[in-house]
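In: when you get a sec, could you give me coordinates for this:
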Amino acid sequence: MTRFALIVVRHGETRLNKEKIIQGQGIDEPLSETGFKQAAAAGIFLKDVKFTHVFSSDLIRTKQTVHGILEKSKFCKDMTVKYDSRLRERLKMRGKDFFEFLCQLILKEAGQNEEFSQEAPSSCLESSLAEIFPLGKNCASTFHSDSGTPGLAASVLVVSHGAYMRSLLDYFLTDLKCSFPATLSRSELTSVSPNTGMTVFILNFEKGGKGKPTAQCVCVNLQGHLAGVSKTP
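Out: Numbers count the residues shown, from 1 in each chain. Sure thing, here's the model as predicted:
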């Protein structure tokens, strides 16, 4: 079994977000003052999480957000960010296309690691996530010693857009039959993420990596880190 965590974060606020104007991918608007504060708050919240891969949309608002997040990180400050236009919003198949690419990348790397090392995936990736996210039953054997579940092969941060996140959620819900926390309502699943809102998934591929993964959603549009962020008038 190959398991990995996917943490998807919406970009920080822009002037057009504040004015309730839809940006899409045709307007490359930078973050507002509040948006920079939100990115910093997200970075402080995630500072102890160990990421193995970092991806971002290639638009300025996501680039500035991911920079603000990594700037606060204890472990990933100097990580290389891979910018990908498939993470822009309002693209056909935007949710599925990038996700399938990501799965193939993780499976390939996990296979290479198995070839050169007999050691099981480290528990450090999962333990850093469990400090701040309610992983619960999605935790591996490091937290439930009788589960026999391997540790995470990767922990992936993706910074994207509200429409992309909605598309990804829809794909997970309809195609992957993802399990979501029982406390979530249908309206919460379909609502637009707040700026720097975070959605977390644990993906599981059976041995060989063939077929679709099973998916468990840990949280949707988490925004507790924004409690102390004051919006600029």
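In: wait, a strand at Thr196?
Out: No - Thr196 sits outside any strand when classified using DSSP: H, G, I helix; E, B strand; the rest coil, being coil.
In: pretty sure Val218 is touching Glu126, no?
Out: No - if you go by Cβ atoms under 8 Å, Val218 and Glu126 don't touch, sitting 11.5 Å apart. Glycine gets a C-beta too; all of them are placed from N, C-alpha and C.
In: of these two, who's got more company?
Out: Applying other Cβ atoms under 10 Å to Val218 and Glu126 shows that Glu126 carries more neighbours, namely 26 against 22.
In: pLDDT value on that one, please?
Out: With respect to pLDDT, Glu126 has a value of 87.
In: which residue is the nearest non-sequential neighbour of it?
Out: Using Cβ to Cβ, 6 or more residues apart in numbering and skipping the chain neighbours, the partner closest in space to Glu126 is Leu152 (4.9 Å).
In: end-to-end on stretch 135-154?
Out: 15 Å (Cα to Cα, to the nearest Å).
In: if we can go back for a sec, for the residue nearest to Glu126, which three-state class applies?
Out: The three-state label given to Leu152 by three-state DSSP is coil.
In: bridged to Phe201, which residues?
Out: Phe201 forms beta bridges with Leu6, Cys217, as assigned by DSSP bridges.
In: what's the burial count for it?
Out: 25.
In: what's the spacing between it and Cys217?
Out: 5 Å (Cβ to Cβ, to the nearest Å).
In: the residue nearest to Glu126 touches Phe4, doesn't it?
Out: Yes - assessed by Cβ under 8 Å, Leu152 is found in contact with Phe4 at 5.6 Å.
In: quickly list what's touching both of these two.
Out: Residues touching both Leu152 and Phe4 (Cβ atoms under 8 Å, 6 or more residues apart in numbering) are Ile202.
In: in contact with Val158, which residues?
Out: Val158 makes contact with Leu6, Ile7, Val8, Val9, Val54, Phe55, Ser56, Leu87, Phe98, Leu102 under the criterion Cβ under 8 Å, 6+ apart.
In: what about the second one, distance to Ile27?
Out: This points to Ile7. Counting by Cβ to Cβ, the gap from Ile7 to Ile27 is 26 Å.
In: and the two? Which one has more around it.
Out: Just comparing Ile7 and Ile27: by other Cβ under 10 Å the higher neighbour count belongs to Ile7, 22 against 12.
In: now Leu157. Its backbone dihedrals?
Out: Taking degrees, to the nearest 10, you get phi -100, psi 130 for the backbone angles of Leu157.
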